[in-house]
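# Only the shape, not the letters, is given here:
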């Protein structure tokens, strides 16, 4: 199974993972690395090293970070540069994370999970407008998560 | 000042806000509404009603949700349908949230904050590749957040 490591500033990683697991259930081969106020880059490096070591049997590892900058991304970048199994994504939103986890369950390879995944994340960003109101109203009875 | 309400499943809202505040500092006119496992839609509706009531002096309110579906979005949608001041966004990532908060500090109107903001969020989603390694290495000494 493809390994997933989610990391970001503060409690980004555990926060977005609580949303994911509320919708999709508990995940295997999945680690969160928070970087709360007061913690050091050395601690972050140790957590990344430990997470990657735990995924020694994974053919591929996706690291999903909050931003294209900052310590979580920078530490992840060092890991990605040193290990060809690691694929580093940034700027994730919940829809993209759900899609990655869903595809991971049903598809085999990293290439299949990754195919068009950036566009999936981008398409899930939007501004609600009144025209969408009608179709949503029809859905609402069904989905109450 | 434009009011901001962030809401999502689980602890999405407090999680992403901890990242935001670690980078940008504490925010005014800003409320988080979590929807953890075991809480009800009625509680969620009450929290939204209270948050919007607290922002009675705001000319505009941006509600930023995790997904275009689920109870946080659906409750927000009802609020947006009933109050022309409310603008409802979904699928936010941290980069988009930081940009909204930054623009809010320096610009006056909602139109200025909202201008192109969906594209900002979409552009911040990406897959790191080796070509980016060199330019990041040059930045790393400067940014250690």
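Ah, there it is. Fair warning: this is a prediction, and the values are worked out from it, not measured in the lab. Numbers count the residues shown, from 1 in each chain, chains lettered A, B, ... in the order given.

# can you pull out the helices in chain A?
For chain A, the helices defined by DSSP state H occupy A:12-24, A:41-54, A:70-82, A:94-106, A:110-114, A:117-123, A:130-139.

# and of those, who's closest to residue B:40?
Among those, helix A:12-24 comes nearest to residue B:40, with 13.7 Å by Cβ to Cβ. For the C-beta atoms, the positions are set from N, CA and C on the backbone; glycine is no exception.

# Flag every buried residue along the closest one.
For helix A:12-24, the neighbour count (16 or more other Cβ atoms under 10 Å in any protein chain shown) marks A:12-23 as buried.

# where does chain A have low pLDDT?
Scanning chain A for pLDDT under 70 picks out the ranges A:130-145.

# Give me the number of neighbouring residues for the residue nearest to residue A:93 when sequence neighbours are not counted.
In this structure, residue A:93 finds its nearest non-sequential neighbour in residue B:93, 4.4 Å apart by Cβ to Cβ, 6 or more residues apart in numbering or on different chains. When neighbours are defined as other Cβ atoms under 10 Å in any protein chain shown, residue B:93 has 29 of them.

# For chain B, what's the nearest residue on chain A?
At 1.2 Å from chain B, residue A:15 is the closest residue in chain A, using Cβ to the nearest Cβ.

# For that residue, which non-adjacent residue is closest in space?
Closest residue to residue A:15 apart from its sequence neighbours, by Cβ to Cβ, 6+ apart: residue B:15 at 1.2 Å.

# tell me the contacts of that neighbour?
Counting by Cβ atoms under 8 Å, 6 or more residues apart in numbering or on different chains, residue B:15 makes contact with A:10-16, A:18.

# Of those, which is the nearest to residue A:105?
Nearest to residue A:105 out of the contacts of residue B:15 is residue A:16 (Cβ to Cβ; 18.1 Å).
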